[in-house]
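Novice: Below are the sequence and a predicted model; questions follow.
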Amino acid sequence: MNKELEHFHRQKINIAVFSQTGMLYAIPMQNNDMNAELRMWLSVTRRLPAIRGAGRLSGIAECIYNRKPREDVTVKVRDFTMRLDPAETLGRELLFCPQICDRHELSYLRTHLRPGDTFVDCGANVGFYSLAAAKLVGSTGTVLAIEASPVNSARLAENVKLNDMTHVKVANVGLSDKSETLRLGLNTTGNSGGHSFINNSAEGISVQCKTLADVLLSEGVKGVHGMKMDIEGFEAKVLKEFFRGNANLWPKFLIIEVNPNFGTSAKEELLSLLTGNHYRLTRISELNYVAEM
């Protein structure tokens with residue numbers, strides 16, 4: 001068993017009970033696996049307004065709370081429930097300050113997804129975007145969550161089950177420009193969202209990969225209204241092959257990460273690929289763009 005799976009199998013799975021109180025977001029006051037210190041911090045950080053400096057204040061609370069090892073916790077995140085690891089980058093952001101995390105992107109989803117739509121989440125991690133989209137498309141819609149990491153995929157499936165979202169499908173598979181087995185380099189610094197096929201870290205696992213079109217067709221997807229893609233530097237490689245195929249599968253809009261850490265040339269290649277396939281680009285946040293047909 002690889003180290004990533006060993007870590008997952010050591011986790012305790014508990015279901016929490018919540019009381020709906022507080023401003024902006026419910027502060028879970030009756031949670032069997034939430035300690036008094038965490039309840040105190042959340043009563044502050046989850047009330048922070050979305051203004052300059054709020055994220056830094058939340059970050060201070062996160063650092064203080066994580067001064068020692070902490071158990072995973074089940075909490076309300078916006079209007080759904082998630083099991084989160086406070087030591088993980090995304091986990092602590094969603095735990096302490098969900099009202100700030102990717103707020104521009106989620107606002108866009110709220111105005112562009114409708115009941116019955118199909119949404120595809122490429123690089124779904126533990127399911128933040130997938131669950132948010134699932135609420136918007138409703139039981140008549142479909143969400144396909146694609147995640148390469150077995151551990152993230154298992155936690156994603158757990159979060160889907162916590163919310164009884166039977167219209168969310170989870171595909172534990174990597175994305176590439178062909179069917180192949182690749183080494184997924186593991187980020188061991190507390191950011192499992194940073195696992196990457198171009199990461200030459202000391203620790204890694206083998207992952208079976210397919211093209212995006214093959215994954216969509218194997219899951220019965222015939223058309224895509226919206227898509228999110230955050231696959232750590234593999235975006236251009238995957239989309240270049242995808243755009244050679246059936247245009248009926250191309251999403252009407254795509255929220256995509258363009259991370260400068262992968263270099264200027266990689267950024268320019270990705271943006272040119274999108275505009276060359278008739279997408280209009282708008283920068284929506286520091287790292288993310290919206291591409292629209």
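Specialist: Cool, got the structure. Numbers count the residues shown, from 1 in each chain.

Novice: Please count neighbours and contacts with C-alpha atoms only from this point.
Specialist: Fine.

Novice: what about the strands in the chain?
Specialist: Counting by DSSP state E, the chain has these strands, from start to end: 73-77, 80-84, 118-122, 142-147, 168-172, 174-175, 180-185, 204-210, 226-229, 253-257, 280-283, 288-292.

Novice: strands paired with the fourth one, and their directions?
Specialist: When you say that, I think you mean strand 142-147. strand 118-122 (parallel), strand 168-172 (parallel) (DSSP bridges).

Novice: So which of these is nearest residue 71?
Specialist: strand 168-172 (24.9 Å; CA to CA).

Novice: just the CA coordinates of that closest one, formatted as PDB?
Specialist: In PDB, the C-alpha atoms belonging to strand 168-172 read as follows (Å, rounded to 0.1, in the frame of the first residue of the first chain):
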ATOM      1  CA  VAL A 168     -22.600  13.300  -8.900                       C
ATOM      2  CA  LYS A 169     -20.300  10.700 -10.500                       C
ATOM      3  CA  VAL A 170     -16.700  10.300  -9.300                       C
ATOM      4  CA  ALA A 171     -14.100   9.100 -11.800                       C
ATOM      5  CA  ASN A 172     -10.700   8.200 -10.200                       C
END
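
Novice: any idea of the angle that strand forms with strand 204-210?
Specialist: 120 degrees (axes from the mean of the first three to the mean of the last three CA atoms, to 10 degrees).

Novice: residues in contact with strand 168-172?
Specialist: 130, 134, 142-150, 153, 156-157, 160 (CA atoms under 8 Å, 6 or more residues apart in numbering).

Novice: neighbour-wise, which of those residues leads?
Specialist: residue 143 (30 neighbours; other CA atoms under 10 Å).

Novice: Kindly reformat the strands paired with strand 142-147 as TSV containing mean neighbour count and distance to residue 108.
Specialist: Formatted as TSV, these follow (neighbours: other CA atoms under 10 Å; distance: least, CA to CA, whole Å):
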stretch	mean neighbour count	distance to residue 108
strand 118-122	26	13
strand 168-172	21	20
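
Novice: possible to save these as a markdown table with mean pLDDT and distance to residue 46?
Specialist: Shown next, in a markdown table, are the strands paired with strand 142-147 (pLDDT from 0 to 100; distance: least, CA to CA, whole Å):
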| stretch | mean pLDDT | distance to residue 46 |
| --- | --- | --- |
| strand 118-122 | 98 | 26 |
| strand 168-172 | 98 | 27 |
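
Novice: Give me the residues contacting stretch 187-200.
Specialist: 87-90, 125, 149, 152, 182-186, 201, 203, 231-234.

Novice: 10 Å instead, please
Specialist: By CA atoms under 10 Å, 6 or more residues apart in numbering, the surrounding residues in contact with stretch 187-200 are 4, 85-91, 123-126, 147-149, 151-152, 174-176, 182-186, 201-207, 230-234, 262.

Novice: From these, keep the buried residues only.
Specialist: Neighbour-count burial (16 or more other CA atoms under 10 Å) applied to the contacts of stretch 187-200 gives 4, 85-91, 123-126, 147-149, 151-152, 174-176, 182-186, 204, 207, 230-234.

Novice: As a markdown table, the strands paired with strand 142-147 with distance to residue 216 would be great.
Specialist: Converted to a markdown table, the strands paired with strand 142-147 look like this (distance: least, CA to CA, whole Å):
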| stretch | distance to residue 216 |
| --- | --- |
| strand 118-122 | 9 |
| strand 168-172 | 10 |
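
Novice: Which one of those strands lies nearest to residue 76?
Specialist: Using CA to CA, these put strand 168-172 closest to residue 76, at 18.4 Å.

Novice: How many neighbouring residues does residue 72 have?
Specialist: Using other CA under 10 Å, residue 72 is surrounded by 19 other residues.

Novice: That one contacts residue 38, correct?
Specialist: No: using CA atoms under 10 Å, residue 72 is not in contact with residue 38, being 11.6 Å away.
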